[in-house]
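1. Kindly generate the corresponding structure for this input.
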Amino acid sequence: MTASTIAIAPVGRDARVIGLVGLAHGVSHFFHLILAPLFPWLRDAFQLSYAELGLLMTAFFVVSGIGQALAGFVVDRIGAWTVLVAGVVFLLLSALVLAGAQSYPMLLAGSMLAGVGNSVFHPADYTLLNKRVSQPRLGHAFSVHGITGNLGWAAAPVFLAGIAGLSDWRTALACAAAVPAVVLALLLANRRLLHADEMRAAVATPKQGGAAAEGIFDFLRLPQVWLCFAFFFITALALAGIQSFAATGLRALYGMSLVWATSGYTAYMLASAAGMVWGGFLAAKATRHDRTIAIAFSFAGAMAMTIATGMVPAAVAVVLMGAVGFGAGIAGPSRDLLIRAAAPKNATGRVYGVVYSGLDSGLAVGPLLFGALMDAHRPAWVFVMIGVFQVLALATAVGVGANTFRRAAA
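-> Predicted coordinates for the structure are as follows:
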C-alpha cells in the first residue's frame, strides 16, 4: 500500500484499525492490574507479606521494561501484527497460569509471563497506527489509544474484585483469561486489515545502499531518543505516585474518608480520558507538539502543588485531582506524535520499544520512592514530587521538540 493510498483511506477503515489496536491496548493495561485487586485474597491464600505481593508487581514491570526494548527490534524485523498477536497469547497464558497457581513461585512466573505479553504492545501498536492510519487522523488515533489504556486500568479492579467477591480469586483470574481470548479472535479475523506488507520493507538491509546501510543500533546515538526515554521515565514516576499513593496521601493530608480519597483518583482517571479527547484535536492541528505538552504539564504541575499545600477544602482537592488528570491527558496525543517525529525512518518499532521501556522503569521505581515518603509521614511531599516530576517532564519534552526541529531544519 502506498503512502498516497494511506493518505486518502476511508474513515471506516481507519476507525477499524484504531478500534482494534485500541482494544488490544486496553487489554494490556487491564493486565497491569491483573493481580493488585486480588491482593487481599492472595495474601490469605498463600500467607504472603506485603513485600512479597509488591514483588509480583515489580517482576511484571521489570520483565515488561526489558522486553519492551527488545520487542521493538522484533517488530521492525517480522512485523507488528505478528508480535501483537504473540503478546495477546502470552497474556492469555499468564491468566491461566495465575488461575492455577499452587505456590508463590507460580504466581511469580505468571506475573512474569504477563510482563512478557505486555512488553510488545507499545512498539507494535504505534507501528500499526503509524503505518495503517491516515496521517491527518493520527492525533485522534493516539487519543483513542490512550483512552483505551485508561479504560483497561479502570475495568480491571471492578472485574477482578467483583468476581472474586462473588466466587473466588481463581475464578476471577480464569474469567480474566477470556478477555485476551476475545481480542485474539478479533485480531485473527482482521488479519488482512492489520498485517501491513510494507512492514517487511521497513527494515533496511545492508545491500540496499544509502540510508539502508545504517546499523540497527544507530538510532541509539540520537539524543532525542534518550530524551524521550527520560520523558517517559519521569512521567511514569509521577503516574506511579498517583496510582499507588494519591488516595492514601489525600486521606493523610486532608483527613478524608476512604470514599472521598478514592474519588480523587477516579476524578483523575476520568478527567485524564476527557483530556485525551481534547488533546487529540489539539495534536491534529499543532506543529510544535512540545509546546502543547509544556502548557499541559505546567498546568498539571501547578494543580499538584496546590494540593500539596493542604490549604484547600477537601472537596476542592478532589476537583484539583481531576485538573491534574486533565492536564496529563491533554499531553498524551501530542507526546506520541512528538516521538513519531523524533523517530528515524525505518526504526519506528525500535524507537517506541526503547522509549516506552522508560514507562515500565518509572512504574517499577516510583512506588518505592512514594512509599518511602508515606513511611516518613510526608503526604504533602507525594503531591510535591508529582508536580516536580511533571515540570521535569516538561523540560525533556521541550528538549525533544527543539532537537527534532533542528534536525528537520538541517
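
2. Run through who's touching stretch 387-394.
-> With CB atoms under 8 Å, 6 or more residues apart in numbering as the test, stretch 387-394 has contacts from 231, 234-235, 237-238, 241, 293-294, 297-298, 300-305, 308, 327-328. Placement of C-beta: from N, CA and C, glycine included.

3. can we see that at 6 Å?
-> 231, 234-235, 237-238, 294, 297, 300-301, 304-305 (CB atoms under 6 Å, 6 or more residues apart in numbering).

4. Return the member of the residues you listed nearest to Ala45.
-> Proximity to Ala45 was ranked across the contacts of stretch 387-394 by CB to CB; first place goes to Leu237, at 31.9 Å.

5. same for the helix or strand harbouring Val351, what does it pack against?
-> Secondary structure assignment for Val351, by DSSP states H and E: helix 348-375. The helices and strands touching helix 348-375, judged by 3 or more CB pairs under 6 Å, 6 or more residues apart in numbering; DSSP states H and E, are helix 50-78, helix 121-132, helix 223-254, helix 379-409.

6. so how far is that helix from its chain's centroid?
-> The chain centre lies 10 Å from the centre of helix 348-375; the measure is CA atoms, centre = their mean, to the nearest Å.

7. list the buried ones in that helix?
-> 348-367, 369-371, 373-374 (16 or more other CB atoms under 10 Å).

8. what does stretch 92-103 give?
-> The neighbour-count check on stretch 92-103 (16+ other CB under 10 Å) flags 92-99, 101 as buried.

9. same deal with stretch 248-260?
-> Buried residues in stretch 248-260, counting neighbours by 16+ other CB under 10 Å, are found at 248-254, 256, 260.

10. cool, stretch 290-302 as well?
-> Those would be 290, 292-297, 299-302, for stretch 290-302 by 16+ other CB under 10 Å.

11. got any ranges where the stretch 1-150 of the chain has weak pLDDT?
-> Counting by pLDDT under 70, the stretch 1-150 of the chain contains low-confidence residues at 1-8.

12. sorry, back to before: the contacts of stretch 387-394: which two are farthest apart?
-> Going by CB to CB, the pair spanning the contacts of stretch 387-394 furthest: Phe231 and Met305, at 20.0 Å.

13. Which one's more surrounded, those two?
-> In this view Phe231 and Met305 are compared by other CB atoms under 10 Å, and Phe231 has more residues nearby, 28 against 19.

14. got the contact list for that one?
-> 393, 396-397.

15. Same question for Gln68.
-> Gln68 neighbours (CB under 6 Å, 6+ apart): 119, 353, 356-357.

16. measure Phe326 to Ser143 for me?
-> Distance, Phe326 to Ser143, by CB to CB, to the nearest Å: 14 Å.

17. Name the residue in these two with the higher neighbour count.
-> Neighbours per residue (other CB under 10 Å) separate Phe326 from Ser143, with Ser143 holding more: 30 against 24.

18. So that one is in contact with Pro333, correct?
-> Yes: shown here, Ser143 and Pro333 form a contact pair, counting by CB atoms under 6 Å, at 4.6 Å.

19. what touches both of these two?
-> Residues touching both Ser143 and Pro333 by CB under 6 Å, 6+ apart: 279-280.

20. Ramachandran angles for Ile34?
-> Backbone torsions of Ile34, given as degrees, to the nearest 10, read phi -70, psi -30.

21. Count the neighbours of it for me.
-> 27.

22. Chain neighbours aside, what residue packs nearest to Ala9?
-> Excluding its sequence neighbours, the residue lying closest to Ala9 (CB to CB, 6 or more residues apart in numbering) is Ser134, at 4.8 Å.

23. The one you found - how many residues pack around it?
-> For Ser134, using other CB under 10 Å, the count is 17.

24. ok, now Val388?
-> Residues near Val388, counting by other CB under 10 Å, number 18.

25. and the helix or strand harbouring Ala185, what other elements does it pack with?
-> Secondary structure assigned from DSSP H and E places Ala185 in helix 178-189. If you count contacts as 3+ CB pairs under 6 Å, 6+ apart, helix 178-189 packs onto helix 11-32, helix 80-99.

26. would you put the C-alpha positions of the shortest one in PDB?
-> This file holds the C-alpha atoms of helix 80-99, laid out as PDB (Å, rounded to 0.1, in the frame of the first residue of the first chain):
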ATOM      1  CA  ALA A  80       3.800  -5.500  14.200                       C
ATOM      2  CA  TRP A  81       0.700  -7.700  13.700                       C
ATOM      3  CA  THR A  82       2.600 -11.000  14.400                       C
ATOM      4  CA  VAL A  83       4.200  -9.500  17.500                       C
ATOM      5  CA  LEU A  84       0.900  -8.100  18.700                       C
ATOM      6  CA  VAL A  85      -0.800 -11.500  18.400                       C
ATOM      7  CA  ALA A  86       2.100 -13.100  20.300                       C
ATOM      8  CA  GLY A  87       1.700 -10.600  23.100                       C
ATOM      9  CA  VAL A  88      -2.100 -11.300  23.400                       C
ATOM     10  CA  VAL A  89      -1.300 -15.000  23.600                       C
ATOM     11  CA  PHE A  90       1.200 -14.500  26.400                       C
ATOM     12  CA  LEU A  91      -1.400 -12.500  28.400                       C
ATOM     13  CA  LEU A  92      -3.900 -15.400  27.900                       C
ATOM     14  CA  LEU A  93      -1.400 -17.900  29.100                       C
ATOM     15  CA  SER A  94      -0.400 -15.800  32.100                       C
ATOM     16  CA  ALA A  95      -4.000 -15.600  33.300                       C
ATOM     17  CA  LEU A  96      -4.300 -19.400  33.100                       C
ATOM     18  CA  VAL A  97      -1.100 -19.900  34.900                       C
ATOM     19  CA  LEU A  98      -2.100 -17.500  37.700                       C
ATOM     20  CA  ALA A  99      -5.600 -19.100  38.000                       C
END
